[in-house]
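**Student:** Just a sequence and a predicted model for now, questions to come.
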Amino acid sequence: MDDNADLTLIRHLADGRFHSGAELGEALGISRAAIWKRVQRLDEWGLAVESVRGKGHRLSRPLDLLDPAALALALDGRASLKFKPVTASTNADALALAAAGQASPVVVTTEFQSAGRGRRGRAWQSPFGANLYVSVLYELAGGFSALGGLSLAAGVAVARALERLAPGLGVGLKWPNDVLVDGAKLGGVLIELAGEMEGGVQVVVGVGLNVAMSDRQAGAIDQSWIDLQRACASPPSRTDLVAAVALELIDMLDRFAVDGFAPFMAPFEALDLCRGRPVTVHAAEGVRPAVARGVGEDGALCVEMDGETRFVHGGEVSLRLQ
């Protein structure tokens, strides 16, 4: 793909109205036949285009494109901004910046990820202009051992941003990194690290949130999901959402750098969807039923299993909804 030309085409189609091949060809300086070929390739970015003889081409739904200038202004000098309309992964980009010695904090965001990642290497569906994909690069002292509970604190920050922009949304958190609304997954957090085991650590906090995703775009998702368009009457703009999430994450990291997880333990417990519920723990020793009993001071999940209290530091937890 010629990304620049295709991005120009998308910007012309973003309003959701029909545009003739002649109009688009003039805007891009190419023939109507070449426009047709480019329209067909937009499917690779998760975009559905309707083409009608005599009317032209339009996107199946309008796009709320990010405004990098407005986003940089909203960050108000708290962090530098790295925006690429199309990338493989914002987390990978942030890790590359860390390796290159980039000063932090840095906010990395995009319209589309070709290789978005969730936990355990799972693919994260990232159609163009549909959702939020943002990563914050931040340096923390104290080594890897000081990072217990960071993903839970990040979940609290995301919940705070959502509550500010969409009051009454009813966000809940599922240990260790899922953001849920009405029992369905709205998004998640992915923490990645670079640095020394005992020294300064470059932390990348990646957040993905579903904003306005079609059933077709979500076809590969194998669990119950929801987006802001379905969850609230007036979804915030994607630019406002990126700014709010990034600033809450930076506030959280500033506090975490001084006090660790402690200030976020009670806020997390107020949003904890697992506490007191039957859960299935997927751990190294296998799949076991348990009851969640909150979290420890290091962010580990406390469970009651086989009559004993245990702390789960890794693996996964599934809610057994009844």
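**Tutor:** Good, I have the coordinates.

**Student:** in the stretch 51-200 of the chain, which ranges drop under the pLDDT threshold?
**Tutor:** Within the stretch 51-200 of the chain, the stretches with pLDDT under 70 are 116-125, 143, 196-199.

**Student:** can you pull out the helices in it?
**Tutor:** Secondary structure of the stretch 51-200 of the chain by DSSP state H, counting those that start in this stretch: the helices cover 68-75, 90-99, 150-165.

**Student:** Of all those, which one comes closest to Thr280?
**Tutor:** Minimum separation from Thr280 across the helices of the stretch 51-200 of the chain (Cβ to Cβ) falls at helix 150-165, 19.4 Å. All C-beta spots, glycine's among them, are computed from the backbone N, C-alpha and C.

**Student:** In the closest one, which residues are buried?
**Tutor:** Residues of helix 150-165 classed as buried: 150-163, 165 (neighbour count, 16 or more other Cβ atoms under 10 Å).

**Student:** Count the residues that sit near the closest residue to Lys185 other than its chain neighbours.
**Tutor:** Spatial nearest neighbour of Lys185, chain neighbours left out: Trp225 (5.0 Å); criterion: Cβ to Cβ, 6 or more residues apart in numbering. Look at Trp225: counted by other Cβ atoms under 10 Å, it has 18 neighbours.

**Student:** And for Glu26?
**Tutor:** Once other Cβ under 10 Å is used to define contacts, Glu26 is seen to have 12 neighbours.

**Student:** host element of it?
**Tutor:** helix 21-28 (DSSP states H and E).

**Student:** Not counting the following helix or strand past that helix itself, show me its contacts.
**Tutor:** Elements were assigned by DSSP H and E; along the chain past helix 21-28, the next helix or strand is helix 32-41. Residues from elsewhere that reach helix 32-41 (Cβ atoms under 8 Å, 6 or more residues apart in numbering): 1, 5-6, 9, 21-22, 24-25, 28, 30, 49, 51, 57.

**Student:** Can you tell me which of those comes closest to Gln113?
**Tutor:** Distances from Gln113 to the contacts of helix 32-41, taken as Cβ to Cβ, are shortest for Met1 (14.7 Å).

**Student:** Need the per-residue pLDDT for the closest one.
**Tutor:** Met1 is assigned a pLDDT of 48 by the prediction.

**Student:** Can you check what angle separates the lengthiest strand in the chain from helix 90-99?
**Tutor:** Using DSSP state E, we find that the single longest strand of the chain is strand 184-195. If you take axes from the mean of the first three to the mean of the last three Cα atoms, to 10 degrees, strand 184-195 sits at 20 degrees to helix 90-99.

**Student:** Start at 139, not 1
**Tutor:** With the count now opening at 139, the last piece we talked about shows up as strand 322-333.

**Student:** tell me which residues in the helix or strand following strand 322-333 are buried?
**Tutor:** Using DSSP H and E, the helix or strand that follows strand 322-333 in sequence is strand 339-348. Neighbour counts over strand 339-348 (16+ other Cβ under 10 Å) mark 339-348 as buried.

**Student:** Against which helices or strands is strand 339-348 packed?
**Tutor:** For strand 339-348, the packing partners by 3 or more Cβ pairs under 8 Å, 6 or more residues apart in numbering; DSSP states H and E come out as helix 228-237, strand 269-278, helix 288-303, strand 322-333, helix 376-397.

**Student:** Centre of the chain to stretch 245-256, how far?
**Tutor:** 8 Å (Cα atoms, centre = their mean, to the nearest Å).

**Student:** Show me the protein divided up by domain.
**Tutor:** 141-197, 206-408, 413-457 (automatic domain parsing).

**Student:** want to throw the helices of the stretch 189-338 of the chain into JSON lines with distance to Gly424?
**Tutor:** Converted to JSON lines, the helices of the stretch 189-338 of the chain look like this (distance: least, Cβ to Cβ, whole Å):
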{"stretch": "helix 206-213", "distance to Gly424": "45"}
{"stretch": "helix 228-237", "distance to Gly424": "30"}
{"stretch": "helix 288-303", "distance to Gly424": "23"}
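
**Student:** Between those, which one is closest to Asp410.
**Tutor:** Across those, Asp410 has its closest neighbour in helix 288-303 (8.8 Å, Cβ to Cβ).

**Student:** Show residues contacting the closest one.
**Tutor:** By Cβ under 8 Å, 6+ apart, helix 288-303 touches 307, 309, 311, 313-317, 325, 327, 329, 341, 343, 345, 347, 374, 378-379, 382-383, 385-387, 389-390, 394, 399, 402, 405-406, 409, 433, 437.
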